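Asks: Attaching a predicted model along with its sequence, questions to come.
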Amino acid sequence: MSENKEYVSRSDELGNIHISEEVLAAITAAAALDVEGVSGLAANLGSDIAELLGKKNLAKGVHVRMEDDKVEVELSVLMGYGHTIPEIGRAIQDGVKSAIESMTGLEVSVVNVSVAGITFPPKA
């Protein structure tokens with residue numbers, strides 16, 4: 001396998017299945033962007049530090065890690081003006097959890113959402 005990638009591994013009777021953390025981050029990003037009211041992902045401050053330490057930023061604004069055989073997700077989003085932050089945040093959490101669990105069979109224990117900014121529609 002590639003040297004710098006982190007993988008989540010599962011074993012079954014036929015062998016091992018390895019899922020890159022980058023894949024989990026991509027699933028997270030796609031699920032979050034599917035939520036109405038989310039206008040984009042925002043890079044977190046920690047991503048620059050992680051890159052300096054040799055950890056590749058998985059997806060802009062998304063960090064995924066395994067803790068006690070469960071997936072923990074942190075993501076930063078930009079939200080469109082006029083949407084209710086708690087409602088959109090909950091929709092993001094539900095969508096990300098559902099997407100990761102249905103696509104990978106892994107259990108998601110935490111989805112932390114940070115609203116890093118608000119975007120405004122262009123003036124006509």
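Replies: Thanks, I have the structure now. Fair warning: this is a prediction, and the values are worked out from it, not measured in the lab.
Asks: sec struct for I88, please.
Replies: helix (DSSP: H, G, I helix; E, B strand; the rest coil).
Asks: How many residues are close by it?
Replies: 20 (other C-beta atoms under 10 Å). For every residue, glycine as well, the C-beta is placed using N, CA and C.
Asks: ok, now which ones touch the residue nearest the centre of the chain?
Replies: Computing the C-alpha centroid of the chain and ranking residues by C-alpha atoms, centre = their mean puts T28 first, at 3.5 Å. Going by C-beta atoms under 8 Å, 6 or more residues apart in numbering, T28 touches 59, 62, 64, 73, 75, 96, 99-100.
Asks: So, low pLDDT: which residues of this structure?
Replies: The model of the chain has pLDDT under 70 over residues 1-5, 44-58.
Asks: Any idea how far stretch 75-94 is from the middle of the chain?
Replies: Chain-centre distance of stretch 75-94: 14 Å, with C-alpha atoms, centre = their mean, to the nearest Å.
Asks: buried sites along that stretch?
Replies: 75-77, 79, 83, 88-89, 91-93 (16 or more other C-beta atoms under 10 Å).
Asks: Next, the residues that contact that stretch from outside, please.
Replies: 28-29, 31-32, 35-44, 61-63, 96, 111-121.
Asks: And for stretch 112-124?
Replies: Here stretch 112-124 makes contact (C-beta under 8 Å, 6+ apart) with 32, 39-40, 42, 44, 61, 72-81, 85, 89, 92-93.
Asks: What residues sit buried inside it?
Replies: The neighbour-count check on stretch 112-124 (16+ other C-beta under 10 Å) flags 113, 115-116 as buried.
Asks: Break down the chain into its helices, ranges please.
Replies: Using DSSP state H, the helices of the chain run over 21-33, 45-52, 85-104.
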